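# give me coordinates for this.
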Amino acid sequence: MRGMTRREFIKVSGAVASTILISTGLSACGSSSNNQDNQSAMLRVAFNHGVASGDPLATSVIIWTRVTHLEALQSDIEVTFEVATDKAFANLVHSGIYTANQTSDFTVKVDAQNLQAGTTYYYRFSSNGVISPIGKTKTLPIDNPEQIKMALFTCANYPNGYFNVYTEAAKIEDLDVTLHLGDYIYEYGMYENDDFDAKVPAYATSKAVAIGRELPQDNNKELLLLEDYRKRYALYHTDSGTQAIHAAAPMIVVWDDHEVANDTYKEGAQNHDESEGDFAQRTQDALQAYFEWLPIRTIEDKKAIYRRFDFGGLVSLYMLETRLFGRDKQLSYSSYFDAQGNFDAQTFQSDIGSPTRTMLGATQLEWLQQQMATSNATWQLLGQQVLMGKMYLPSELLMVIGGLDGATGETKTALLTQLNALLGELVTIKTRMLQQDATLTQEEIARVTTVLPYNLDAWDGYFMERETIFGTAKALGKKLVVVAGDTHNAWANNLRDYKGEVIGVEFATPSVTSPGLEEYAGLSDVMMAGQFEGAIDLLIDDLKYLNAYDRGFMTLTFDAAQVSANWYYVNGCDSTEYSLNAHRAKTITVANTTGALSI
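Predicted structure coming up:
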């Protein structure tokens with residue numbers, strides 16, 4: 001580092017007591033007021049939760065760990081951190097001491113500054129003779145890089161499997177960064193309504209005991225309080241895959257809903273009621289744990305985590321917050337049926353098309369528009385949670401799909417039989433339409449052209465704001481790429497505005513372990529999944545790819561000429577033994593053309 005012989009540091013405590021230490025270089029040798037006293041030096045400690053880095057900028061990056069008392073103590077622990085340009089730590093550029101304490105759950109977060117752009121660094125922590133694993137991180141480039149490569153993840157459910165997806169992604173040596181698009185944890189307990197007498201499995205917990213992923217007794221109920229959320233993050237960080245991916249590359253994170261509660265919006269959530277306390281307090285506790293346990297910079301308004309990352313002149317990445325900052329409550333089809341089962345289409349269309357309906361909120365939307373206007377990067381990348389593509393399905397199909405929610409036993413079997421029959425009929429009609437079959441009746445055509453949005457929690461439920469984003473990208477002449485998570489399945493879409501003009505492309509990453517359409521739609525094997533995928537691909541006009549069956553992750557590779565999306569899938573999450581499913585792997589490349597991007 002340029003003339004740096006000591007470090008200066010400032011402790012910044014935010015509204016949720018998440019503490020960060022700012023390091024600008026090497027600490028002075030010799031004793032200081034921060035040196036451990038005899039009592040603290042005798043403490044037995046461990047680094048049981050690995051190391052991590054995140055929020056990289058051109059000259060700084062966050063490094064993180066958590067130190068654990070091996071005795072039942074709550075006293076402060078002094079932790080030494082080191083950053084170097086080599087694995088042997090012969091060329092140190094940062095060092096210092098951080099005092100971990102109970103206030104921030106003994107997590108350690110350091111903002112290492114004055115680094116060189118586009119440079120790989122290594123970091124580690126130590127305390128009382130115990131040394132943490134070594135992490136690898138990288139700063140963002142300033143000049144135009146030849147290539148940027150990132151891995152993307154979403155939806156990691158601990159009881160439903162081991163995080164082999166993280167393990168596999170960590171093997172990729174040329175990653176510049178990773179993105180986590182939300183549902184890093186899940187808030188559910190082991191049993192519905194925390195009823196340990198009835199023992200009805202909660203979401204995605206039915207096989208947890210059999211595969212050794214049962215939630216521990218001190219954290220097996222739904223998360224409501226700060227300590228609950230802290231313990232769940234601690235549990236997730238014991239997974240070897242979690243530790244591997246965090247040590248391999250810096251991670252840029254954003255939450256979705258389950259970091260607080262299912263289907264969160266700014267004033268509440270589907271999975272929250274008055275019996276569970278004040279939602280604002282629950283949110284505050286959840287976000288405090290989030291900022292403590294993940295390598296993200298501390299900010300004053302914890303809900304306002306939208307931010308921009310520039311990879312030289314190649315990619316501008318905008319990480320958006322779509323849950324807590326501005327989102328209006330999700331619409332529900334059930335609200336538009338009367339007692340006789342009649343659907344009020346007029347009111348529904350009025351509500352869904354309301355110009356004031358928002359997912360981002362006016363402040364964040366204006367920020368995004370201003371940021372895009374000032375970016376000269378080749379590619380504009382929106383990192384966010386939910387599908388932006390238009391997922392419109394024939395309305396009669398949606399009625400059956402809606403009935404599957406919560407259905408079990410013979411009821412579910414009957415609905416699945418009906419679903420498969422309908423899919424066959426609708427695919428036949430759509431195929432005849434594409435072949436311009438003159439014998440089609442108006443009634444048959446109406447069956448596939450009378451469509452409704454599949455998921456009102458996604459951008460389909462926030463029509464006008466999506467159009468505003470599309471309009472901004474079009475007016476500015478931007479090459480728009482959107483990434484999403486949330487659905488547990490892999491997708492690729494062309495993004496079209498209300499006029500039918502292509503504005504950009506969307507790639508969605510599958511879940512790490514959370515079950516997807518294969519469970520919901522009763523897809524028992526790959527052959528059945530392939531038939532289902534083909535049917536949905538045909539029925540949704542802008543959909544270009546769907547994997548409805550496998551767990552995995554996605555990489556995006558950008559250069560000046562193109563962006564390539566690669567989907568990787570693992571065979572099995574029931575143990576740490578797994579293999580890659582090369583047969584189901586997929587690559588889609590989109591060229592940087594003079595017009596709008598299109599798959």
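
# would you mind listing where the protein has pLDDT under the threshold?
Within the chain, the segments meeting pLDDT under 70 span 1-18, 28-41.

# domain boundaries for it, per the record?
1-139, 140-389+455-599, 392-453 (automatic domain parsing).

# can you redo those domains as TSV with mean neighbour count?
Bear in mind the C-beta positions are built from the backbone N, C-alpha and C, glycine included. Shown next, in TSV, are the domains of the chain (neighbours: other C-beta atoms under 10 Å):
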stretch	mean neighbour count
domain 1-139	18
domain 140-389+455-599	19
domain 392-453	14
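
# correct me if wrong, but residue 396 is in a helix.
Yes. The assignment for residue 396 is a helix, going by DSSP: H, G, I helix; E, B strand; the rest coil.

# list the contacts for the residue nearest to residue 106 when sequence neighbours are not counted?
Among residues not flanking residue 106 along the chain, residue 100 sits closest, at 4.6 Å (C-beta to C-beta, 6 or more residues apart in numbering). Counting by C-beta atoms under 8 Å, 6 or more residues apart in numbering, residue 100 makes contact with 66, 67, 76, 77, 78, 79, 106, 107, 108.

# check contacts around the first one.
In other words, residue 66. Contact partners of residue 66, counting by C-beta under 8 Å, 6+ apart, are 47, 48, 49, 100, 105, 106, 107, 108, 234, 237, 293.

# residue contacts, the third one?
Residues in contact with residue 49 (C-beta under 8 Å, 6+ apart) are 65, 66, 68, 234, 237, 238, 243.

# and it, how close does it get to residue 225?
According to C-beta to C-beta, to the nearest Å, residue 49 and residue 225 sit 20 Å apart.

# same check on the last one?
Applying C-beta to C-beta, the value for residue 293 to residue 225 is 15 Å.

# can you map out the helices along the protein?
Under the criterion DSSP state H, helices of the chain are mapped to 38-41, 164-169, 208-211, 226-236, 240-248, 279-293, 345-352, 362-374, 395-404, 409-434, 442-449, 463-476, 517-520, 526-539.

# go through these and name the closest to residue 261.
helix 279-293 (7.1 Å; C-beta to C-beta).

# could I get the contacts of residue 66 in a markdown table, plus columns for distance to residue 473?
Below are the contacts of residue 66 laid out as a markdown table (distance: C-beta to C-beta, whole Å):
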| residue | distance to residue 473 |
| --- | --- |
| 47 | 44 |
| 48 | 45 |
| 49 | 40 |
| 100 | 44 |
| 105 | 40 |
| 106 | 44 |
| 107 | 38 |
| 108 | 40 |
| 234 | 40 |
| 237 | 37 |
| 293 | 34 |
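
# could you identify the most distant pair in those residues?
100 and 237, at 14.9 Å, using C-beta to C-beta across those.

# residue 263 contacts residue 256, doesn't it?
No. Between residue 263 and residue 256 no contact is recorded; they are 9.9 Å apart, counting by C-beta atoms under 8 Å.

# residues contacting the residue nearest the centre of the chain?
In the chain, the centroid-proximal residue (C-alpha atoms, centre = their mean) is residue 181; its distance is 1.8 Å. Residue 181 is in contact with 152-154, 254, 256, 383-385, 483-486, 509, counting by C-beta under 8 Å, 6+ apart.

# mind redoing it with 6 Å?
Neighbouring residues of residue 181 by C-beta atoms under 6 Å, 6 or more residues apart in numbering: 154, 385, 485.

# would a markdown table of those residues with distance to residue 495 be doable?
Formatted as a markdown table, the contacts of residue 181 follow (distance: C-beta to C-beta, whole Å):
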| residue | distance to residue 495 |
| --- | --- |
| 154 | 19 |
| 385 | 16 |
| 485 | 17 |
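
# I'd like the contacts of residue 100 as a markdown table, with distance to residue 247 appended.
Formatted as a markdown table, these follow (distance: C-beta to C-beta, whole Å):
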| residue | distance to residue 247 |
| --- | --- |
| 66 | 13 |
| 67 | 16 |
| 76 | 26 |
| 77 | 21 |
| 78 | 23 |
| 79 | 17 |
| 106 | 19 |
| 107 | 16 |
| 108 | 15 |
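
# which one of those is nearest to residue 353?
Set against residue 353, the nearest of these by C-beta to C-beta is residue 107 (44.6 Å).

# residue contacts, that closest one?
Counting by C-beta under 6 Å, 6+ apart, residue 107 has contacts 66, 292.

# and it, bridged to which residues?
With DSSP bridges applied, residue 107 shows beta-bridge pairing to residue 66.

# how much space separates it from residue 514?
Distance of residue 107 to residue 514, given as C-beta to C-beta: 25 Å.

# so which of the contacts of residue 181 comes closest to residue 498?
Closest to residue 498, out of all of the contacts of residue 181 and judged by C-beta to C-beta, is residue 385, at 22.7 Å.

# my understanding was that that closest one contacts residue 322; is that so?
Yes. Applying C-beta atoms under 6 Å as the test, residue 385 and residue 322 come out as touching, 5.2 Å apart.

# what's stretch 495-502 in contact with?
Identification of contacts with stretch 495-502 by C-beta under 6 Å, 6+ apart yields 389, 467, 470, 494, 503, 504, 506, 542, 596, 598.

# CA atoms only: put it into CSV for me.
In CSV, the C-alpha atoms belonging to stretch 495-502 read as follows (Å, rounded to 0.1, in the frame of the first residue of the first chain):
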residue,chain,number,x,y,z
LEU,A,495,-38.7,-8.9,-21.7
ARG,A,496,-41.4,-7.1,-23.7
ASP,A,497,-43.3,-3.9,-22.9
TYR,A,498,-47.0,-3.4,-23.3
LYS,A,499,-46.5,-2.7,-27.0
GLY,A,500,-44.9,-6.0,-27.6
GLU,A,501,-41.4,-4.5,-28.2
VAL,A,502,-38.5,-6.5,-26.8
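
# and it, how far from the chain's centre?
Distance of stretch 495-502 from the chain centroid (C-alpha atoms, centre = their mean, to the nearest Å) equals 26 Å.

# and stretch 312-330, by the same measure?
12 Å.

# where's residue 384 relative to residue 267, distance?
In terms of C-beta to C-beta, residue 384 sits 20 Å off from residue 267.

# closest to residue 142 out of the helices of the chain?
That would be helix 362-374 among these, by C-beta to C-beta, at 16.1 Å.

# state the distance from the residue nearest to residue 106 to residue 321.
To residue 321, residue 100 is 28 Å away according to C-beta to C-beta.

# what of residue 212?
In terms of C-beta to C-beta, residue 212 sits 35 Å off from residue 321.

# same thing with residue 354?
21 Å.

# before we move on, what about residue 222?
For residue 222, the distance to residue 321 (C-beta to C-beta) stands at 23 Å.

# farthest residue from the center of this structure?
The outermost residue of the chain relative to its centre, with distances by C-alpha atoms, centre = their mean, is residue 439 at 46.8 Å.

# quick check: nearest residue in space to that one, chain neighbours excluded?
Leaving aside its chain neighbours, residue 439 sits nearest to residue 432 (7.8 Å; criterion: C-beta to C-beta, 6+ apart).

# for residue 494, same thing?
residue 542 is the one closest to residue 494 (C-beta to C-beta, 6+ apart), at 4.7 Å.

# and if you look at residue 554?
residue 509 (3.9 Å).

# residues in contact with the one you found?
Here residue 509 is in contact with 152, 154, 485, 553, 554 (C-beta under 6 Å, 6+ apart).

# quick one, phi/psi of it?
When read as degrees, to the nearest 10, the backbone of residue 509 gives phi -90, psi 140.

# that one and residue 169, how far apart?
On the measure of C-beta to C-beta, residue 509 and residue 169 end up 10 Å apart.

# tell me what the residue nearest to residue 106 is bridged to.
Residue 100 has the following beta-bridge partners by DSSP bridges: residue 77.
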